[in-house]
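Trainee: sequence and predicted structure, then a few things I'm wondering about:
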Amino acid sequence: MARYPHVTLPSDKSVRISVLLPWDSRRSGYDLLQDMLGLSRRGAVVYEKPAFKVARHHSAQLIQALAVRYGRVEVTQRGNETEMCVAQCWGARRQTWPDCTCACLGENHGSGEPLKHVVGDGNLSVRHTRTERTFWITDGEAVV
């Protein structure tokens, strides 16, 4: 079993954060999390095996409290990288790819095809790529 807690922050801000706690036979995870957050009612913390789920707006306070209690906490933050490409790029001649200045960096230059989603008036296309980073927060380190 893990010695330190792990918090996962999903890219969708409407989705609850996921909290994996180290085993502690003396305390219920519900009670521990509710005490840390100053919550007095059930429902604010939900258990969905194997993790607890907590409302996103408690993220910073919870990470800080876990770091104080356990000395450190591992955090995985998920997000999306957005690439944009314009019609002038995908509609250009392929051999001019070194002149490309949009986010595709010439990958889509002269292809005749927009990226995954065309937006606005049809002259802009976007593609979202999932990204994530994992890092440690230690006791005494400010979570902003």
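Mentor: Thanks, I have it. Numbers count the residues shown, from 1 in each chain.
Trainee: for the chain, what spans make up the helices?
Mentor: 29-37, 59-70, 87-90 (DSSP state H).
Trainee: now tabulate those helices in TSV and tack on mean neighbour count.
Mentor: Placement of C-beta: from N, CA and C, glycine included. Conversion of the helices of the chain to TSV gives the following (neighbours: other Cβ atoms under 10 Å):
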stretch	mean neighbour count
helix 29-37	17
helix 59-70	19
helix 87-90	18
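Trainee: mind checking these for the one nearest to D121?
Mentor: Between D121 and the helices of the chain, the tightest spacing by Cβ to Cβ is seen for helix 87-90, at 9.2 Å.
Trainee: ok, and what's touching that closest one?
Mentor: The contact list for helix 87-90 (Cβ atoms under 8 Å, 6 or more residues apart in numbering) reads 100, 102, 104, 108-115, 122-125.
Trainee: apply 6 Å and report the result again.
Mentor: 100, 102, 108-109, 111, 113-114, 123 (Cβ atoms under 6 Å, 6 or more residues apart in numbering).
Trainee: could you pick out the buried ones from the residues you listed?
Mentor: Those of the contacts of helix 87-90 that meet the buried threshold are 100, 102, 108-109, 111, 114, by 16 or more other Cβ atoms under 10 Å.
Trainee: any chance of JSON lines for these, columns pLDDT and distance to I17?
Mentor: As requested, these are arranged in JSON lines below (pLDDT from 0 to 100; distance: Cβ to Cβ, whole Å):
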{"residue": "C100", "pLDDT": "86", "distance to I17": "39"}
{"residue": "C102", "pLDDT": "82", "distance to I17": "34"}
{"residue": "N108", "pLDDT": "88", "distance to I17": "35"}
{"residue": "H109", "pLDDT": "91", "distance to I17": "40"}
{"residue": "S111", "pLDDT": "92", "distance to I17": "39"}
{"residue": "P114", "pLDDT": "90", "distance to I17": "35"}
